[in-house]
Structures are given as structure tokens and as C-alpha cells.
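[1] I'll drop the sequence and a predicted model, then ask my questions.
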Amino acid sequence: MMNVEMRIVERGGVSFKNPVVVEGLPDVGLVGAISASHMVDVLGLVEVAHFESTLFPPIMVMHKGVLTDPVRILGNGKLLVVTSEIAIPPLAIYPLANVLVDWLSEKGARLVFSLTGFPEQNRLEVDKPMVFGVGNTDQALNLLREYKIEAMSEGFIAGIYALIMKYCMVKKIPAITLMAQSFPNYPDPGAAASVLQVLNAILGLNISVDSLLEKADEIKIKGRDLMRQTKSSMERIGKVSEQEIPLMYR
């Protein structure tokens with residue numbers, strides 16, 4: 001029987017304590033993946049760890065001739081960014097979220113953000129995508145209110161960030177998901193720019209999003225294959241439920 005263990009393998013060289021964490025794994029509109037990649041480039045973040053699992057496809061990534069794992073964590077002393085250049089297989093979602101949150105708890109993570117898109121069927125008519133928030137604790141909800149981010153009050157969230165928020169709640173780590181109106185099945189750099197601007201305001205990162213908007217067409221072309229893989233994965237994990245209304249109210 002194959003070993004399906006999920007584990008995080010750390011690299012030396014970067015020490016961090018009580019970091020803020022940003023998760024940007026592939027999902028609706030690749031909003032998280034595009035945002036995370038942009039953060040890594042602009043802030044010059046370096047790899048601090050990667051994920052290994054037999055649940056992942058046998059793929060490695062080449063960047064400037066250097067071989068690297070596709071699912072990894074990059075950062076500096078204060079900030080960690082979780083990203084992936086492959087769609088996360090449905091069977092890997094639970095163990096990845098579980099192992100990640102356990103690791104973040106060990107590192108004393110003080111706040112976790114997940115960046116993603118919210119399917120907007122009329123996205124072509126939206127000039128600047130709105131950003132909504134979901135918080136898992138009173139502290140997280142207070143942060144949304146402080147920065148005047150509209151909090152979703154009813155509905156479903158599904159996918160990797162739903163599990164990350166759930167497991168963070170168990171570990172008593174405040175977590176927020178920022179969701180921008182997005183094309184459901186196309187890479188959306190404009191939506192990524194919107195969530196990064198909100199993240200800038202909360203964390204004071206001052207990350208310019210100009211190049212995201214200027215190179216939007218190029219980013220869309222580069223993201224086509226990953227979006228296709230991600231769409232297939234999303235269809236298998238109930239993402240359609242995010243657009244439904246729950247039956248019971250409190």
C-alpha cells in the first residue's frame with residue numbers, strides 16, 4: 001500500500017516567530033494563486049518549506065533552471081505565503097489543511113488570511129471587484145469591521161480555505177478569508193488586485209498591484225492550464241454550494 005502521508009519539509013536560513021500567514025492556493029479565478037505569486041515576487045520572499053505527499057501528481061517545477069516543489073511556503077521573518085503551482089487534488093485537501101494548520105500552530109502563527117474569488121456571473125460588468133470577508137473568531141470579525149470589509153452573514157464556503165478556517169478555529173488561530181468578485185472559470189488578475197489592496201490596508205504591506213493590471217492578458221494566458229486543472233478539482237469538491245443559500249438560520 002502506498003504511503004499517503006502529507007508532510008512539510010522545512011528549509012534552513014529563515015527564522016520567524018508568530019508570523020502572519022497568507023494562503024493563496026488555486027481556487028475560483030486563481031485569485032489566491034495570482035495574489036500569492038505577486039506577493040512573492042514583489043516582496044522577494046524565499047522558500048522556507050515545501051509539502052510532500054504521494055497524493056500529489058509526480059511534478060516538479062523549474063524556475064530559472066532551479067528545480068523546486070510546486071506546493072510550498074515562502075516568507076521572511078514576519079510573513080509566510082502558502083502557494084501552489086498545481087491544482088490541489090481533492091484527496092489531498094483534508095491532509096494538506098490539517099498538516100498546514102498544525103505546523104502554523106507550532107510556529108505560533110498569530111493571524112491567517114486566505115485569498116480567493118467569489119464567482120460573479122456578471123463579472124464583465126464589474127469594473128472594480130468588491131471584496132467580502134469571512135472570519136472564524138470574534139477577533140477576526142472585529143478586524144473585518146475595523147477595515148469596513150463587508151462580512152458574509154449567510155451562505156456556504158467550500159474548498160481548502162474552508163478547512164483551513166475550521167482547523168484554525170480548533171487551534172484558536174484567528175483566520176480570515178477575503179473573497180473578491182471573480183470570473184468563475186478564468187484567471188482573474190483584477191480580482192487578485194482587489195484582494196491585495198484590502199490586504200495592504202490591513203497589514204500595511206504597500207504591495208503595488210499596477211503590474212497585475214498592466215499584464216492582465218499575459219497572466220490570463222499563463223494561468224489557463226492551471227485554471228483548467230483547478231476547475232476540474234473544484235467540480236469534485238462541491239464548490240457549487242457556495243452559491244446556494246442555507247436552509248436554517250440562527
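    Happy to help now that I have it.
[2] can you pull out the helices in this structure?
    For the chain, applying DSSP state H gives helices covering 31-43, 90-106, 138-146, 160-170, 189-203, 210-214, 216-222, 224-235.
[3] any chance of the ones you listed in CSV, plus distance to K78, mean pLDDT and mean neighbour count?
    For the C-beta atoms, the positions are set from N, CA and C on the backbone; glycine is no exception. Below are the helices of the chain laid out as CSV (distance: least, Cβ to Cβ, whole Å; pLDDT from 0 to 100; neighbours: other Cβ atoms under 10 Å):
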stretch, distance to K78, mean pLDDT, mean neighbour count
helix 31-43, 10, 96, 24
helix 90-106, 14, 95, 19
helix 138-146, 17, 95, 15
helix 160-170, 19, 95, 21
helix 189-203, 9, 96, 23
helix 210-214, 23, 91, 14
helix 216-222, 27, 89, 14
helix 224-235, 28, 81, 17
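[4] turn the ones you listed into JSON lines, columns for distance to L178.
    Below are these laid out as JSON lines (distance: least, Cβ to Cβ, whole Å):
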{"stretch": "helix 31-43", "distance to L178": "9"}
{"stretch": "helix 90-106", "distance to L178": "17"}
{"stretch": "helix 138-146", "distance to L178": "9"}
{"stretch": "helix 160-170", "distance to L178": "10"}
{"stretch": "helix 189-203", "distance to L178": "5"}
{"stretch": "helix 210-214", "distance to L178": "15"}
{"stretch": "helix 216-222", "distance to L178": "19"}
{"stretch": "helix 224-235", "distance to L178": "18"}
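[5] pLDDT score for N206?
    pLDDT recorded at N206 is 89.
[6] again, but for Y249
    pLDDT, Y249: 46.
[7] now G238
    55.
[8] what sits against E214?
    Contact criterion Cβ atoms under 8 Å, 6 or more residues apart in numbering gives no residues in contact with E214.
[9] roughly how far does it sit from I221?
    Distance of E214 to I221, given as Cβ to Cβ, to the nearest Å: 14 Å.
[10] again, but for N200
    On the measure of Cβ to Cβ, N200 and I221 end up 26 Å apart.
[11] next one: D210
    From D210 over to I221 (counting by Cβ to Cβ), the distance is 19 Å.
[12] equivalent analysis for V46, please.
    As for V46, its distance to I221 is 27 Å (criterion: Cβ to Cβ).
[13] tally up the residues packed near G223, please.
    21 (other Cβ atoms under 10 Å).
[14] which residues sit in contact with G24?
    Going by Cβ under 8 Å, 6+ apart, G24 touches 31-37, 39, 81-83, 114-115.
[15] in CSV: those residues, plus distance to N98.
    Below are these laid out as CSV (distance: Cβ to Cβ, whole Å):
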residue, distance to N98
V31, 23
G32, 19
A33, 21
I34, 25
S35, 23
A36, 20
S37, 24
M39, 24
V81, 19
V82, 14
T83, 18
S114, 15
L115, 20
